[in-house]
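Trainee: model this:
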Amino acid sequence: MNDCLFCRIIRGEIASRIIYETENVVSFLTIQPVNRGHALVVHRHHHADIFDTPEADMAELIVAAKIVAEKVKAATGAEGVNIGMNNGAVAGQAIFHAHLHVIPRFPNDGFKHWAHRDATPNALALMADKIRAVK
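Mentor: Just a heads-up that it's a prediction; the model follows:
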């Protein structure tokens, strides 16, 4: 996709701070970090989201995300790391090129993850059955 922001970064048309790359994967610092060292990991092949990404490409993304997470954690002195992926606008995806976020975490950094809700054992059982039934 010619006008995709991440495709343009991959092609070198837009400046970025690349921190890791392989033949098929590129990782760069985001210009809107949650915390210092927040990186994005993208495949060189354009895929819109997790549902559009072949399993082999997803495997390369997650392996690269692990390597990037280790590097970011060491470089920033973070005590932990979140790895996440937003899929679809309703899930917060803003750039429709599949990508993983590697977010270093620090004590009291103020970054809150999504809210948790209580679920009854019956509700969990019903949902588990429904998910398992999908072919």
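
Trainee: just want the most central residue of the protein.
Mentor: Geometric centre of the chain, nearest residue: residue 100, 1.6 Å, by C-alpha atoms, centre = their mean.

Trainee: which helix or which strand is home to that residue?
Mentor: Taking DSSP states H and E as the criterion, residue 100 maps to strand 99-105.

Trainee: same question for residue 129.
Mentor: For residue 129, the host element (DSSP H and E) is helix 121-133.

Trainee: circling back to that earlier point, and the strand holding residue 100, which strands flank it?
Mentor: Strand pairing for strand 99-105, determined by DSSP bridges: strand 39-43 (antiparallel), strand 80-84 (antiparallel).

Trainee: touching that strand from outside, list them.
Mentor: The contact list for strand 99-105 (C-beta atoms under 8 Å, 6 or more residues apart in numbering) reads 6, 27, 30, 33-42, 61-62, 65, 68-69, 72-73, 76, 78-86, 111. C-betas here are computed from N, CA, C, even on glycine.

Trainee: same thing but at 7 Å, please
Mentor: 6, 34-35, 37-42, 61, 65, 68-69, 72-73, 76, 78-85, 111 (C-beta atoms under 7 Å, 6 or more residues apart in numbering).

Trainee: out of those, which end up buried?
Mentor: Using 16 or more other C-beta atoms under 10 Å as the burial test, the contacts of strand 99-105 include 6, 34-35, 37-42, 61, 65, 68-69, 72-73, 76, 78, 81-82, 85 as buried.

Trainee: and of the strands paired with strand 99-105, who's closest to residue 90?
Mentor: Residue 90 lies closest to strand 80-84 among those, at 15.0 Å (C-beta to C-beta).

Trainee: list the contacts of residue 67.
Mentor: So residue 67 contacts residue 20 (C-beta under 7 Å, 6+ apart).
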